[in-house]
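Undergrad: how does the following fold in three dimensions:
(chains A and B)
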Amino acid sequence: MISGYVQNGLYDEAINLFHEMKNAGQKPDHVSLMSMLVASGRQGNLLNGTEIHAFSLRNGLDSDLQVGNTLVDMYAKCGKLDYMDSVFGRMLHRDSVSWTTIIAAYAQNNFPWKAVQLFYKVQAEGSHVDALMIGSVLLACTELRCNLLAKEIHCYVIKRGIYDPFMQKTLVSVYGDCGNVDYANSIFRLSEVKDVVSFTSMMCSYVQNGLANEALGLMLCMNEMRIEADFVAVLSMLTAAADLSSLRKGKEIHGFLVRKGLLLQDSIRSSLIDMYASCGTLENSYKVFNYLKSKDPVCWTSMINACGLHGCGRKAIDIFTRMEKENIHPDHITFLAVLRACSHVALIEDGKRIFKIMQSKYALEPWPEHYACFVDLLGRANHLEEAFQIVKTMNLEDIPAVWCALLGACQVYANKELGEIAAMKLLELEPKNPGNYVLVSNAYAATNRWDDVEDVRVTMKGKGLKKDPACSWIEVGDKVHTFIAQDKSHPECDKIYEKLAYLTEKLEKEAGYVAQTKYVLHKVEEKEKVKLLKGHSERLAIAYSLLASNDRNPIRITKNLRVCSDCHTFSKLASKYLEREIIVRDAKRFHHFRDGICSCGDFW
DNA sequence: ATAGGGTTAG
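TA: Below is the predicted model of the structure:
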């Protein structure tokens, strides 16, 4: 009876029955003890677990191998690795279950290298290795993001002939997490039996590696094979739709969820909130959020993030305040969302207050991301000196993201001195990140240091580093069309350029648009600069959307980098001239252009 | 009646 309760997740019932049994004068044996330990471990109830441990010591049941293994697992699941170690160390005998348990424990508790070491030890001692042990070692690979190690284990498994369908699925996600989509894909393709989990693993690998289109392609493939998505599969589909800003796909998935009655999961709701916000429809995020009855902090964080993304900093803070009133505990990511929301609209005092209570009231130690965000908030609000002081007094000088934030602000306010310091520091800390060279070069360009701009670009090239090209995309019908600057690859290329030239001319003549070449951050001739600006990817996307549709619906564009100032002006004027809303999602936030005005108030 | 691994949201 006790075991039945535990198998069905009814841990409190199991514990009550266990005590009832003791009160009735029945003495627990090693079997009932194990059930109790499993219950304690899954609940993370250290007190219960320790009590059972003590009982087993008093009654001489602790020397049993299975009891020992379960004790190791119980302490691991309660996060007490020191207790776990001492139980493991005192075991008289160990089998492959003991090793698997402790390897999984280290892998899941932030000591993946220890897990790997133990695996090597198992091999050295010649102990038995089975599929379950490999499963735990693969968890460690994922944590380490070590592609080489994954390959090594992969080979080992093939050589030893312990390759099972479970492991195939695990390997797909391990390779995906290690950034090796090609291997993940080949294992997926070669696996004979594909189920929801196989598909989900592969879709996640795609999404994690920025290949949302491919993930949605698999979704179609799954439909064709009549494999129905479960809620985990839907989570990655929603993330893919959000990445692409594919409102059509997102709504399609939402519809599927409604038909299947899968809406009650909190994880699904938070994904929906995020998807609708990422697709530019904050109203829909609100609708999903307002149905919310649960106290799940993730959903609240999603909604705060959604508001922040659309420049509604006040609303983000309001939701945070409501969250506090309802006694829902904000965590690190909640605070990142609130701080970002503040930084998008320069709510300095609120940002400071929230950064403070995060530490004082909630005892959360800021992550590097929080510091970077805080420095960004101050810096971009033109409190550069204060931001710099914070970097120095809080000892943030070894965090690259902090210098990125400071340098970005220096670019906005054309600050030469501080910009130079930040640039040097950043390139010293992270000399292999191409994004840093672009940022440094842009900051130099902002202060007219064209020779230095050229130097940085040359250095970058010399190191073989390449930046992602700027691109914009737009969903028309059931297709996503992608454009890079000066793109000539679209089948309707000629018409697009014709349309864009016409629109540009209209804006010049009727709305006073003049290309601002000071925003071109390359050292080229003036004429060339104008040409570069006029071929920016979001303008191609706007032109294409005009060709593709005649309606008055908003034009929704997504781009991978931040919007440039000249395109910002262009979009404002175009929204008024065309009498159409233009909604742009850039790398950090949304811009809603309407009637010649942008929702960001020209601050971004 | 009894112990260990896999897909997953902000």
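Undergrad: so which strand or helix has the spatially closest residue to residue A:390 that is not a sequence neighbour?
TA: Take residue A:390 and drop its neighbours on the chain: the residue closest to it by C-beta to C-beta, 6 or more residues apart in numbering is residue A:375, 6.3 Å away. Yep, even glycine has a C-beta here, placed from its N, CA and C like the rest. The secondary structure element spanning residue A:375 is helix A:368-380 (assigned by DSSP states H and E).
Undergrad: just to revisit the earlier point, any idea how far the residue nearest to residue A:390 is from DNA strand B?
TA: With distances defined as C-beta to the nearest atom of the strand, to the nearest Å, the gap from residue A:375 to DNA strand B amounts to 21 Å.
Undergrad: now for that residue: which residues touch it?
TA: Under the criterion of C-beta atoms under 8 Å, 6 or more residues apart in numbering, the neighbours of residue A:375 are A:387, A:390-391, A:396, A:402, A:405-406, A:409.
Undergrad: re the thing from before, pull the CA atoms of the helix holding residue A:375 into PDB?
TA: Coordinates of the C-alpha atoms in helix A:368-380 are reproduced here as PDB (Å, rounded to 0.1, in the frame of the first residue of the first chain):
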ATOM      1  CA  PRO A 368      26.600  39.100 -13.800                       C
ATOM      2  CA  GLU A 369      23.500  39.700 -16.000                       C
ATOM      3  CA  HIS A 370      21.900  41.800 -13.200                       C
ATOM      4  CA  TYR A 371      24.900  44.000 -12.800                       C
ATOM      5  CA  ALA A 372      25.200  44.400 -16.600                       C
ATOM      6  CA  CYS A 373      21.500  45.400 -16.700                       C
ATOM      7  CA  PHE A 374      21.900  47.900 -13.900                       C
ATOM      8  CA  VAL A 375      24.900  49.500 -15.500                       C
ATOM      9  CA  ASP A 376      23.000  49.600 -18.800                       C
ATOM     10  CA  LEU A 377      20.100  51.300 -17.000                       C
ATOM     11  CA  LEU A 378      22.300  54.100 -15.600                       C
ATOM     12  CA  GLY A 379      24.600  54.400 -18.600                       C
ATOM     13  CA  ARG A 380      21.900  54.700 -21.300                       C
END
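Undergrad: so for the next helix or strand after it, what gets flagged as buried?
TA: Tracing the chain past helix A:368-380, the next element assigned as helix or strand by DSSP H and E is helix A:384-393. Taking 16 or more other C-beta atoms under 10 Å as the basis for neighbour counts, the residues of helix A:384-393 that come out buried are A:384, A:387-388, A:390-391.
Undergrad: distance between helix A:384-393 and the chain's centre?
TA: Offset of helix A:384-393 from its chain centre (C-alpha atoms, centre = their mean, to the nearest Å): 28 Å.
Undergrad: how about it as PDB, C-alpha atoms only?
TA: Output in PDB follows, covering the C-alpha atoms of helix A:384-393 (Å, rounded to 0.1, in the frame of the first residue of the first chain):
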ATOM      1  CA  LEU A 384      27.700  57.400 -17.200                       C
ATOM      2  CA  GLU A 385      29.900  58.600 -14.400                       C
ATOM      3  CA  GLU A 386      27.700  57.000 -11.800                       C
ATOM      4  CA  ALA A 387      27.600  53.700 -13.800                       C
ATOM      5  CA  PHE A 388      31.400  53.800 -14.000                       C
ATOM      6  CA  GLN A 389      31.700  54.300 -10.200                       C
ATOM      7  CA  ILE A 390      29.500  51.300  -9.700                       C
ATOM      8  CA  VAL A 391      31.600  49.200 -11.900                       C
ATOM      9  CA  LYS A 392      34.600  50.200  -9.700                       C
ATOM     10  CA  THR A 393      33.100  50.000  -6.300                       C
END
